[in-house]
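Trainee: Sequence and predicted structure are below.
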Amino acid sequence: MEGNSNLMFLRPADNRAVSLLRLDAEQIPKFVTDLHLLGVMHSDEGRGDKSFEISLRQIQQQVLPKGFPRTTLWAYGDPNQPKSFHHPAQTIEVTQGRKTNVIWRNELVKDPEKCRVYPNSDACNYLLHVLQDSSGVPIVDQNLHWAAPHQKCKDGERRTDCQTGSNEPYFGPIPTSVHVHGAHTESRDDGYPESWFLPKSNNIPTDYATTGSYFRSRFLPTNGTADSSTNTFSSVLEEDRFYQPAADSASGEGYAVFRFTNDQRTTSLWYHDHALGITRLNVYAASGGFWLIRDYQGRETFLATIDAKGNEQRLPSPPPKFGEDPNRDPEVKGKVREIGLVIQDVSFYKNGRLFYPASRLSMDYPQCSKGTTFGEAHQNITFAPNSDVFPVWSPEAFFDTIVVNGKTWPKLEVAPERYRFRLLNACDSRVLNLALIIDGGDELPFFVVGSDQGLLPRVVLVRTGFATKLEPGNPEIKEERQSTSNKQALLVTPAERYDVIVDFSNLSHGTKITLINTGPDSAFQSFESPEYEPSNDETTGQVMQFVIGESLRNLSGDQSTSPYDLILEPQPKLDKPEVIRDLALKEHVSNLCVQDASANGSCGLQLIDCASGEVDADTFDNELSFGNIASFLGYDGSKGARNAITRRWMDPVELRPLVNSTEEWELWNWTPDAHPIHVHSGSFEIIGRYNIHNGEQISGPMPWEEGHKDTVAVPPKTITKIRMKFNIRGLFVWHCHVLSHEDNEMMLPFCVGDPGIDCPKTLFSAKAN
């Protein structure tokens, strides 16, 4: 039970006779469902200074093909347009350099529409987390350092945002905090992990907190725009004091108001949940949506006006427009040439429910657990609190079904013309390695024109084994440049976005092109690793299919510029760094050692003496360890895996860049896996990757990484160097975007500015530099 409310939740009966069965992904038909084209939910239509309202609700959606059950999940949408809710969310379009105000609402209640009319009815009762085991137990692991709205902390104190240290399930309301990933925005609007809020609900226990310890909000809109104040503030904390009445008014009301200045390049950002210790669950349940920054005249930052042949440059267009329905209006659908693709891996129960592993055993030792029972025990293994292994949380989460724009393995009919695709990897842990294969086996290349933070300096032709920067006006490539591996195609780690052109113009009617994935079904290390195996070519090795339809051809001809003639302008480089940071990525493995003697599908897991296992020379990790118990960020990576210092979320803040300073961060990755590292507050340049043992450069940025980025792949046993300018004061975070890592300590705050002026002084240690 949770809290002392009048309405108490009991754990559902543990009835294995009616437990749900997993849906076999190989039984799901492929390429029978049309791709859902993401429409525009909100647009400031080039004017800026506009307020949008976006809610998170529980919906049912036909994710699986027709004939299969619908799936209950979460979705963002406009509460004034109930039909706008979709998983992933429809797109938000804003204008470069013009402010946007968003009222984010948490409406995870029984009936949001009825609740708005009858706020005292049971329609306003909160919902449990939609991710549940086969008996209906929510899969929230309270051993993690998490939001903890019930304020039951392991150390006995009553506060939020702590480690509960409990193996009991959580039957309370769900906290959310929305982050616009890649946005150059003030810290109060960044969706800080402790800035969460609960839904406005009638049955929240009285001893629950309704907001996180760092909750921030602006005033609700007045006359169509949010009150952003004309005051000039001398510090972030002075601004906090000004807006405290707004935060007080929002507390308990289920909303927060954020303002976005959109003062960055035209680009593809995305919005998603960021609540502390529960992000992996909330993003899996709700996904997210594109946040596109456009120029008011339709131009692109760093796209030259004239191409190599002297003609006006045009990227493939149009995209869906605000007010259009690209899925139900055949005319709109037929003319669209710019399409967003949100790729996510999921799994299902046979009744259409989302499956998420409810036990640690199921991910490491699947023969010992099906993952359908919350915190499933094992007769030979002791879990926390009597060991260092949590019974629910898993280091990574991989699923057996690929979903694109909310449909399993969809198909899209395309004209024999050029298309622009904005690609987003929205997976928890899966690294995608994407390629286009034409019927018959030939490969159709990607022309990569942009990444996380906008256009590249040059168009890059990518096909498996090759990545070649094009010389504008020269369609004859004398020699393609080999990639670092002959297996590497377009590598996309979680949270990365790539902006690509695909040229279908030379393909005949009816030709089928399959988007495939040869990334692994496990944590990515490298293509040369002996553990690398491409994903299952019957399931996760396929993404979606394109079919050429001659009837969609533009009667006026393809008006877009050939990628061979596109001129992308040179981009200014950041200044030399004033500070070089020595940072570390490490993982800790369990002190439990096990031997897996399973055979013929039976579980043979047993504890053994660790002395019989080999120890890694760098990390001292035992090869017989049960596995990773947490991954960490920290300092002094150059001192080696054993001497590098790791930090937890609860530790005092040590990282403090100066305002308007440029820093170079050296990310020493001593773990066996690659990590996508995301830094909030802006963008950075990738300098290169270096051997962790001798410091020799392995490579510069990959050709498709040469623009500005906000997420970087950090390979194992390498030093990855990035350079960034910090020009917004306040409290931000950096973290791994493997969401299962982020939720269990692989995230740290940093302060741009001064303790007690730009960030709360209580967060700092005496060693703050």
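Mentor: Done, it's in. Numbers count the residues shown, from 1 in each chain.

Trainee: how about Val346, what does it touch?
Mentor: Residues in contact with Val346 (CB atoms under 8 Å, 6 or more residues apart in numbering) are 63, 284, 354-355, 399, 401, 403. Glycine gets a C-beta too; all of them are placed from N, C-alpha and C.

Trainee: And for Glu742?
Mentor: 279-280, 735-736.

Trainee: same question, Arg647
Mentor: Contacts of Arg647 by CB under 8 Å, 6+ apart are 632-635, 654, 748.

Trainee: Now render the residues you listed as TSV, adding distance to Leu23.
Mentor: Formatted as TSV, the contacts of Arg647 follow (distance: CB to CB, whole Å):
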residue	distance to Leu23
Phe632	36
Leu633	37
Gly634	41
Tyr635	45
Glu654	46
Leu748	38
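
Trainee: Turn the residues you listed into JSON lines, columns for neighbour count and pLDDT.
Mentor: JSON lines is the format used below for the contacts of Arg647 (neighbours: other CB atoms under 10 Å; pLDDT from 0 to 100):
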{"residue": "Phe632", "neighbour count": "23", "pLDDT": "98"}
{"residue": "Leu633", "neighbour count": "26", "pLDDT": "98"}
{"residue": "Gly634", "neighbour count": "20", "pLDDT": "98"}
{"residue": "Tyr635", "neighbour count": "19", "pLDDT": "97"}
{"residue": "Glu654", "neighbour count": "19", "pLDDT": "94"}
{"residue": "Leu748", "neighbour count": "21", "pLDDT": "98"}
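
Trainee: what's the most distant pair in those residues?
Mentor: Phe632 and Glu654 (13.5 Å; CB to CB).

Trainee: so how many other residues sit close to the closest residue to Ser560 other than its chain neighbours?
Mentor: Closest residue to Ser560 apart from its sequence neighbours, by CB to CB, 6 or more residues apart in numbering: Pro316 at 4.3 Å. When neighbours are counted by other CB atoms under 10 Å, Pro316 registers 23.

Trainee: in the protein, which spans are helices?
Mentor: Using DSSP state H, the helices found in the chain span residues 112-117, 236-250, 279-286, 330-335, 360-364, 739-742.

Trainee: can you tell me which of the ones you listed comes nearest to Pro572?
Mentor: Closest approach to Pro572 among the helices of the chain (CB to CB): helix 236-250, 27.7 Å.

Trainee: Give me the helices and strands touching that closest one, please.
Mentor: In terms of contacts (3 or more CB pairs under 8 Å, 6 or more residues apart in numbering; DSSP states H and E), helix 236-250 is packed against strand 255-260.

Trainee: Name the residues of stretch 236-245 that are buried.
Mentor: 236-237, 239-240, 243 (16 or more other CB atoms under 10 Å).

Trainee: Also stretch 473-490?
Mentor: Neighbour counts over stretch 473-490 (16+ other CB under 10 Å) mark 483-484, 487-490 as buried.

Trainee: from what I can see Val180 touches Gly191, true?
Mentor: Yes. Using CB atoms under 8 Å as the test, Val180 is close enough to Gly191 to be in contact (7.0 Å).

Trainee: returning to that earlier point: let me have the helices of the chain in CSV, extended by mean pLDDT.
Mentor: Output for the helices of the chain, formatted as CSV (pLDDT from 0 to 100):
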stretch, mean pLDDT
helix 112-117, 96
helix 236-250, 93
helix 279-286, 98
helix 330-335, 96
helix 360-364, 90
helix 739-742, 98
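
Trainee: out of the ones you listed, nearest to Pro563?
Mentor: Closest among these, using CB to CB: helix 330-335, at 20.6 Å.

Trainee: buried stuff in that closest one?
Mentor: By neighbour count on 16+ other CB under 10 Å, the buried set for helix 330-335 is 332-335.

Trainee: tell me which of those residues is nearest to Leu23?
Mentor: Closest approach between these and Leu23, by CB to CB: Lys333, at 29.6 Å.

Trainee: and the closest residue to the closest one other than its chain neighbours, what pLDDT?
Mentor: Leaving aside its sequence neighbours, Lys333 sits nearest to Pro326 (CB to CB, 6+ apart; 5.1 Å). For Pro326, the model assigns a pLDDT of 97.

Trainee: Might one say that Pro326 is in contact with Lys335?
Mentor: No. If you go by CB under 8 Å, Pro326 and Lys335 don't touch, sitting 9.1 Å apart.

Trainee: Quick check: which ranges of this protein have low pLDDT?
Mentor: Where the chain drops to pLDDT under 70, the residues are 1-19, 46-49, 223-231, 765-769.

Trainee: end to end, how far does stretch 80-92 reach?
Mentor: One end of stretch 80-92 to the other measures 15 Å (CA to CA, to the nearest Å).

Trainee: That should have said stretch 476-485, apologies.
Mentor: Length of stretch 476-485, first residue to last, CA to CA: 24 Å.

Trainee: Also stretch 361-378?
Mentor: End-to-end distance of stretch 361-378: 8 Å, with CA to CA as the criterion.

Trainee: Buried residues, that stretch. List them.
Mentor: For stretch 361-378, the neighbour count (16+ other CB under 10 Å) marks 361-365, 367-376, 378 as buried.

Trainee: of these, closest to Ala641?
Mentor: Proximity of the buried residues of stretch 361-378 to Ala641 (CB to CB) peaks at Asp364, which lies at 21.9 Å.

Trainee: can you pull the contacts of that closest one?
Mentor: 394, 626-627.

Trainee: now do Leu592
Mentor: By CB under 8 Å, 6+ apart, the residues touching Leu592 are 381-382, 387-389, 607, 625-626.

Trainee: Same check on Gly519?
Mentor: Contacts of Gly519 (CB under 8 Å, 6+ apart): 430-433, 491, 534-535.

Trainee: Thank you, goodbye.
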